[in-house]
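# What shape does this take:
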Amino acid sequence: NVVYALFCFTVLVFAWGTVYNTSGHYNKIKILAVLQDDQLSSFETNNNIHPVTEIFPSLIKQTQGNWHIYDESTFKWKYNLQTTEEIDAKIVKLIYDENYWVALNVKPNVTTSMVRSLTVQNQTAFNATDFFQIVYETGRDPAHVMTYMVPLVNEVEMGFVQYCMESFTPSLIKNVTSQNPNIKINWKNLATMMNMQFENVDAVAFTNRILLMSTQVGCTFAILLSIFQFLIYGALHGQVAPLLRKRSRIYYRIFISMVTHFFSSLYWCTVSAMFQVDFTVKFGRGGFMVYWMSTWMYMWACGSANENVISILFAVYPQYLGFWILGFIVCNLTTGFFPMVLNNNFYRIGYIFPLRNMIDLNRSILIGTNSSPSKYGRCYGVFAAWIIISTALLPFVMKWSKQLTIWKAKRVAKQLAEEKEKMNQFT
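I've put the predicted structure just below:
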């Protein structure tokens, strides 16, 4: 009961904590807002019409999130841009580079276009999708971007639509008609304009549900496969050990681990290929090889660490093996499946676990998200660190497990001898 309590109040508390108080971490979600120049013509100025986009800063102030607001000149200066097209492309690039989770792009001349659509006959109706963009990537986190990040910008969108319907448009019509009796309002365009919706730009879209298995959920199964390696070869290790010298036994264990994970990762990746997962998104025809080698390092990193721990547990407390396996999976899964930005900063410890890094790599390889050298360096560096440290500890683990096995055997023999002696005394 004590062991159960310790497990529940440590590992399970760690897991539940990753999804606790999600709304309390909205202030860490970085959101970009670029308000390009909304220049007025003389008609708007003469009719006392203010830029409709000037409401955005106050709307953003009322919305949760870590907003970064730029006007056109500041944004151009910061990133050395010249044209509107360059601004639009840069916003998409900043989302791709994972500098922000979502971006709101307000394009120039919104007010003039709205006014003309209402005051000029035969004018095309104002189309909000030509002037407002919400940019994001569902591929970066299929389960959370549309659920938690984008709705923060949708709040601003709804506030802007409400402002247009209840304040800006009635004021515009009143000012124009009172000072220009000959101008007729285009009521048809007004009805169209009131059905305003921003354009949603999913720069790297998550479109194939099978990718959830190949990029995220299936990675948990790969951890289990890496654990099976030692369980399957444990008996063989015991038979081979007496036939080899001490150093050769170490090389043998490393070789078996490396080769087993090499082929098991191939089998695991082949399952995705059987279900027609597209491996060419990021690396073309070499995509499968990159995916396989990444999975090999991931499974080797998990397997080598588990081999060390299981070796010691088998020697002393094999009944607790399940707690270790479940604990290892839970710690990897909870810090890997949920975005760090919605967690307490403590959970950034998840970046040292293999699963978090494998998911990031898989999303880049199979979906096409950011593939910066720093991200790949961090992911492969974590795998390499787990492999190197676990391999370096293996000789000591083999020595300790042998000593613990001998110690346990002696203790059992002593207990049997004492029980036998008691029986003799009793008889």
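# what helices or strands is the longest helix anywhere in the chain leaning on?
Identified as the longest helix of the chain according to DSSP state H is helix 373-426. Other helices and strands packing on helix 373-426, by 3 or more CB pairs under 8 Å, 6 or more residues apart in numbering; DSSP states H and E, are helix 246-274, helix 287-316, helix 354-362. The C-beta positions use only the backbone N, C-alpha and C, and glycine is treated the same way.
# so which of those helices gets nearest Gln162?
Distance to Gln162, taken as CB to CB, is lowest for helix 354-362 among the helices and strands packed on helix 373-426, at 38.4 Å.
# Quick one: neighbours of Trp386, just the number.
22 (other CB atoms under 10 Å).
# show me what contacts the nearest residue to it once chain neighbours are set aside?
Sequence neighbours aside, Ala301 is the residue nearest to Trp386 in space, at 3.6 Å (criterion: CB to CB, 6 or more residues apart in numbering). For Ala301, the contacting residues are 354, 382-384, 386-387, 390, by CB atoms under 8 Å, 6 or more residues apart in numbering.
# Repeat that for Thr84.
36, 107-108.
# swap the cut-off to 10 Å and go again
By CB atoms under 10 Å, 6 or more residues apart in numbering, the contact list for Thr84 reads 36-37, 72, 76, 105, 107-109.
# Narrow these to those that are buried.
The neighbour-count test (16 or more other CB atoms under 10 Å) marks 36, 72, 76, 105, 107-109 as buried among the contacts of Thr84.
# What is the burial count for Tyr96?
Neighbours around Tyr96, by other CB under 10 Å: 19.
# how far away is it from Glu137?
For Tyr96, the distance to Glu137 (CB to CB, to the nearest Å) stands at 7 Å.
# what do you get for Ala409?
Distance from Ala409 to Glu137, by CB to CB: 57 Å.
# Looking at the two, which is more packed in?
Glu137 (26 against 11).
# Report the distance from stretch 89-109 to the chain centre.
Distance, stretch centre to chain centre, for stretch 89-109: 18 Å (CA atoms, centre = their mean, to the nearest Å).
# For the residue lying closest to Tyr298 once chain neighbours are set aside, give me its contacts.
Closest residue in space to Tyr298, ignoring its immediate chain neighbours: Met358 at 4.4 Å, by CB to CB, 6+ apart. Counting by CB under 10 Å, 6+ apart, Met358 makes contact with 215-216, 218-219, 222-223, 294-295, 297-299, 301-302, 332, 336, 379, 382-383.
# how long is stretch 234-246 end to end?
Stretch 234-246 has its terminal residues 17 Å apart, counting by CA to CA, to the nearest Å.
# contact partners of that stretch?
Residues outside stretch 234-246 that contact it (CB under 10 Å, 6+ apart): 230, 233, 248-253, 256, 307, 310-311, 314, 395, 398-399, 402, 405.
# again, 8 Å this time
Under CB under 8 Å, 6+ apart, the answer for stretch 234-246 is 249, 252-253, 256, 314.
# out of these, who has the most neighbours?
When neighbours are taken as other CB under 10 Å, the top entry among the contacts of stretch 234-246 is Arg253 (24 neighbours).
# Apart from its neighbours in sequence, what residue is nearest that residue?
Arg253 sits nearest to Leu394 (CB to CB, 6+ apart), 6.2 Å away.
# List the residues that contact the one you found.
Residues in contact with Leu394 (CB under 8 Å, 6+ apart) are 250, 253-254, 304, 307-308.
# Pick the one among the residues you listed closest to Ser167.
Among the contacts of Leu394, and counting by CB to CB, the member closest to Ser167 is Ser304, at 63.9 Å.
# before we move on, the earlier item: in strands, which of the contacts of Thr84 fall?
Counting by DSSP state E, the contacts of Thr84 place Asn105 in strands.
# of the contacts of Thr84, closest to Ser23?
Using CB to CB, Asn105 is the member of those that sits closest to Ser23, with 25.6 Å.
# who touches the closest one in this structure?
Counting by CB under 8 Å, 6+ apart, Asn105 touches 34, 36, 87-88, 91, 132-135.
# rerun at 6 Å
Counting by CB atoms under 6 Å, 6 or more residues apart in numbering, Asn105 makes contact with 34, 91, 133.
# So which of these sit within helices?
Ile91.
# okay, the contacts of Asn105 in a markdown table with distance to Asn48 next?
Below are the contacts of Asn105 laid out as a markdown table (distance: CB to CB, whole Å):
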| residue | distance to Asn48 |
| --- | --- |
| Val34 | 27 |
| Ile91 | 32 |
| Gln133 | 29 |
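# Redo the contacts of Asn105 as a markdown table? Include pLDDT and distance to Leu6.
Output for the contacts of Asn105, formatted as a markdown table (pLDDT from 0 to 100; distance: CB to CB, whole Å):
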| residue | pLDDT | distance to Leu6 |
| --- | --- | --- |
| Val34 | 96 | 51 |
| Ile91 | 96 | 49 |
| Gln133 | 96 | 51 |
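# any low-confidence regions in the protein?
Residues of the chain meeting the criterion pLDDT under 70: 237, 426-427.
# cutoff 80 now
Applying pLDDT under 80 to the chain flags the ranges 1, 38, 44, 181, 229-231, 233-242, 244, 246, 401-427.
# Am I right that Trp67 is in a strand?
Yes. Assigned with DSSP: H, G, I helix; E, B strand; the rest coil, Trp67 falls within a strand.
# would you list the contacts of Ala301 in TSV and tack on distance to Ala143?
As requested, those are exported to TSV (distance: CB to CB, whole Å):
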residue	distance to Ala143
Pro354	20
Val382	22
Phe383	24
Ala384	29
Trp386	26
Ile387	29
Ser390	31
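# coming back round to it: of the buried ones among the contacts of Thr84, which pair is most distant in space?
Lys76 and Asn109 (16.2 Å).
# The longest helix of the chain vs helix 246-274, what angle?
120 degrees (axes from the mean of the first three to the mean of the last three CA atoms, to 10 degrees).
# Report the distance from helix 373-426 to the chain centre.
Computed by CA atoms, centre = their mean, the chain-centroid distance of helix 373-426 equals 35 Å.
# Go through the strand or helix carrying Phe14 and flag the buried ones.
Using DSSP states H and E, Phe14 sits in helix 13-17. Residues of helix 13-17 classed as buried by neighbour count (16+ other CB under 10 Å): Phe14.
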